[in-house]
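> this one's structure only:
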C-alpha cells in the first residue's frame, strides 16, 4: 500500500485494464493483446504476486479487440483467407440480405451514429465492420469457434495468474441479431450463462457490467455471481439533491442483494439506469420521473459550476449518451458532509461496496486533463503522484471516509440482517442487526443532518466506533469525526 492509513482498508482490488496497451483509443478497453500485461506496468508475475496479498478482479473485454491486434492485422493482410476472418463481426454477417432503414434505426448504441466502420483491408478487400464503440474497437463474433477460442484463452491466462474474479465489460452488446436492438437480447442472457459457467470452471467469479434499464440488472443478478448496482449512484444524488428519499427506498425494496455497490467508477455517473426503458417508455417507466431525471443532470452541472458540461455528450469525444462525466464529490458541490452521507448510504446498502480511487480521495474534476485529452471521462481520471495521495489522505473528509470504510468492514452488525424505514419523505433510517450488535444510519435529507450509531463490541475492533459527529459553522463544514467509545 502507498501509506499506512490505507493498510488493511480494502479486502480486494479491481485492476482497470492493464493489458497491452493501457493508452490506446479507449484507455485499455481496446486491447491489442488481451493476454499480455503492458510492460510499462510489469508482467503476469506481478499480477500473481499481487493476488497473493489481495483478491484481484480483472476485466474481460468481451465485445471487441483493437484494430492494431495481431488477429486484425492478419485479417487485413489476408482478408477472407485469414484464419481470423470469422473472428470479427461484419455488417453482412448479421444482415446477409441487407438491412432496411428501420432495422438500422432499431440498433441500440451508447454513442451517436451507426455502429459500423468502412474498412479497406491491405489485401484490397473492402468490408463494413461492426464497431459498437470506436473505429479502433472491432467487435468480435463471440458465437463463432474463433471468437469462443479467443475469449477462452483470456480466461485461461487470467486464472493461471491468480485472478479470482472477472468483470465482463460491454457484454450487453456481444450478440447481434437482425431486426432487434442488438443489445441485451435473450441470446445475450444465454451467452452470459455459458460464459459464466466457463469462468466458474476455472475458479473465477463473474461480475457483469451493464448500464441499462434497472429491471435488466435484476434479471441478470439471478444468473451470475455479482452485478453492479448502477442505479444506486444517481438515486443517492436524487435523494440528496431533491431532498426526498422515496425513489431510493423503492429501489431498496426490489434491488438484487448480490450487488457490488458503487457511487463512482472509471466511467461517468449513469443516468439510463434509473430512467424509463427506451424501447417502451410508457409500459416500463423509470425509478424517477423524466422531468426529475432531466433536472438531476442539470443540478450536477450546476453543482460543479458547469465543468461537467465540458465533459458530457457532444462536448467531448468518447461520447457516452447515458452518463454524466463528473467526479461524485463535485456532483455534490464539494460538500463534505453530503459526500460522507452518500458514502454512508452506499456502505449501509446490502452488497459489497467498491470505492473508486478518485472517490476515496474525494477528488475534484481534473479540468486540465480533460482539456488536454478532450476525452470526457478523463475529468474523473486524475493521475496521482505519490505525494498527492499522501496529502489527500490528510484531508478531514478523506480521513472520515476511511473510518467509514473500517466501520463497514469490521462491525459485526453488517454480518446480519438489513432493514430500512422512511418515517417521512425526507428521512431515511438504515439498520443492520446481528445477534446483540446493531449499526444504524439516520439521515434527514431536508436538513442535511445525519448520524451513525453503532453498538460497542468487545470482540471486535468496531468497539472504537460510536456516533458520527458533524460540526458546522453556518453552511461550512468545520469538522468531521467519529466518536471513539471504549
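Alright, I've got the coordinates. Since the model is a prediction, treat every value here as computed from it, not as a measurement.

> so where is the stretch 201-350 of the chain shaky, pLDDT-wise?
Applying pLDDT under 70 to the stretch 201-350 of the chain flags residues 314-321.

> which residue ranges of it form strands?
205-208, 226-229, 259-261, 269-270, 323-324 (DSSP state E, counting those that start in this stretch).

> and the stretch 351-486 of the chain, by the same measure?
So, for the stretch 351-486 of the chain - with DSSP E, counting those that start in this stretch - the strands run 352-353, 417-421, 427-434, 437-444, 449-454, 465-473, 476-484.

> now do the domain split for this structure, please.
For the chain, automatic domain parsing gives the domain ranges 4-77+138-415, 418-484.

> tally of neighbours for residue 143?
Neighbour count of residue 143, defined by other Cβ atoms under 10 Å: 16. Any C-beta I mention is one placed from the backbone N, CA and C, and that applies to glycine too.

> now it. Nearest residue, chain neighbours left out?
residue 175 (7.2 Å; Cβ to Cβ, 6 or more residues apart in numbering).

> in a helix, the one you found, correct?
No - counting by DSSP: H, G, I helix; E, B strand; the rest coil, one finds residue 175 to be coil, located in no helix.

> what about it, distance to residue 128?
19 Å (Cβ to Cβ, to the nearest Å).

> ok, these two, which is more surrounded?
residue 175 (24 against 14).

> correct me, but residue 188 touches residue 174?
Yes - contact criterion Cβ atoms under 8 Å: residue 188 and residue 174 qualify, at 6.2 Å.

> which one's more surrounded, these two?
A direct count of neighbours by other Cβ under 10 Å for residue 188 and residue 174 places residue 174 higher, at 28 against 22.

> is it true that that one touches residue 190?
No - under the criterion of Cβ under 8 Å, residue 174 is not in contact with residue 190, lying 10.8 Å apart.

> how near is the most centrally placed residue in the chain to residue 129?
Note on the chain: the residue nearest the mean C-alpha position is residue 265, at 4.6 Å, using Cα atoms, centre = their mean. Taken as Cβ to Cβ, the spacing of residue 265 relative to residue 129 amounts to 28 Å.

> next: residue 402.
Relative to residue 129, and taking Cβ to Cβ, residue 402 is found at 47 Å.

> for residue 246, see how far away the residue lying closest to residue 249 once chain neighbours are set aside is.
Nearest residue to residue 249, sequence neighbours excluded (Cβ to Cβ, 6+ apart): residue 422, at 4.8 Å. Distance of residue 422 to residue 246, computed by Cβ to Cβ: 7 Å.

> the residue nearest to residue 143 touches residue 185, doesn't it?
Yes - contact criterion Cβ under 8 Å: residue 175 and residue 185 qualify, at 5.4 Å.

> overlap in contacts, those two.
Here residue 175 and residue 185 share no contacting residue, scored by Cβ atoms under 8 Å, 6 or more residues apart in numbering.

> does residue 257 touch residue 350 like I think?
Yes - using Cβ under 8 Å, residue 257 is in contact with residue 350, at 4.8 Å.

> neighbour count winner among those two?
residue 350 (18 against 10).

> mind checking how far that one is from residue 416?
Applying Cβ to Cβ to residue 350 and residue 416 gives a distance of 11 Å.

> with adjacent residues omitted, what lies nearest to the residue nearest to the centre of the chain?
For residue 265, the spatially nearest residue (Cβ to Cβ, 6+ apart) is residue 356, at 5.5 Å.

> swap in residue 15?
Closest to residue 15 by Cβ to Cβ, 6+ apart is residue 58, at 5.6 Å.

> and what about the one you found, helix, strand or coil?
Under three-state DSSP, residue 58 falls in the strand class.

> can you map out the helices along the stretch 51-200 of the chain?
70-78, 91-94, 101-106, 145-160, 186-201 (DSSP state H, counting those that start in this stretch).

> export the ones you listed to TSV and tack on distance to residue 288?
Output for these, formatted as TSV (distance: least, Cβ to Cβ, whole Å):
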stretch	distance to residue 288
helix 70-78	42
helix 91-94	35
helix 101-106	26
helix 145-160	37
helix 186-201	26
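
> out of those, nearest to residue 393?
When those are compared by Cβ to Cβ, helix 145-160 sits nearest residue 393, at 31.1 Å.

> what's the closest one in contact with?
By Cβ under 8 Å, 6+ apart, helix 145-160 touches 34-35, 44, 58, 60, 62, 65, 71, 83-84, 86-87, 140-142, 166, 195, 198-199, 202-204.

> what subset of the residues you listed is buried?
Buried members of the contacts of helix 145-160, counted by 16 or more other Cβ atoms under 10 Å: 34, 44, 58, 60, 62, 65, 71, 84, 86-87, 140-142, 166, 195, 199, 204.

> list the contacts for residue 278?
108, 213, 272.

> go on, residue 125?
79, 80.

> quick one: it from residue 90, how far?
Distance from residue 125 to residue 90, by Cβ to Cβ: 11 Å.

> now residue 167
28 Å.

> between the two, which has more neighbouring residues?
residue 167 (23 against 19).

> what's across from the more buried one in the sheet?
Assessed by DSSP bridges, residue 167 has beta-bridge partners residue 59, residue 207.

> re the thing from before, export the domains of the chain to a markdown table and append columns for distance to residue 112.
Below are the domains of the chain laid out as a markdown table (distance: least, Cβ to Cβ, whole Å):
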| stretch | distance to residue 112 |
| --- | --- |
| domain 4-77+138-415 | 6 |
| domain 418-484 | 36 |
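
> looking at those, which is buried most?
Most buried of the domains of the chain by mean neighbour count (mean count of other Cβ atoms under 10 Å) is domain 4-77+138-415; its value is a mean of 19.

> indicate which one of the strands of the stretch 201-350 of the chain is closest to residue 117.
Among the strands of the stretch 201-350 of the chain, strand 323-324 sits nearest to residue 117 (Cβ to Cβ), with 22.7 Å.
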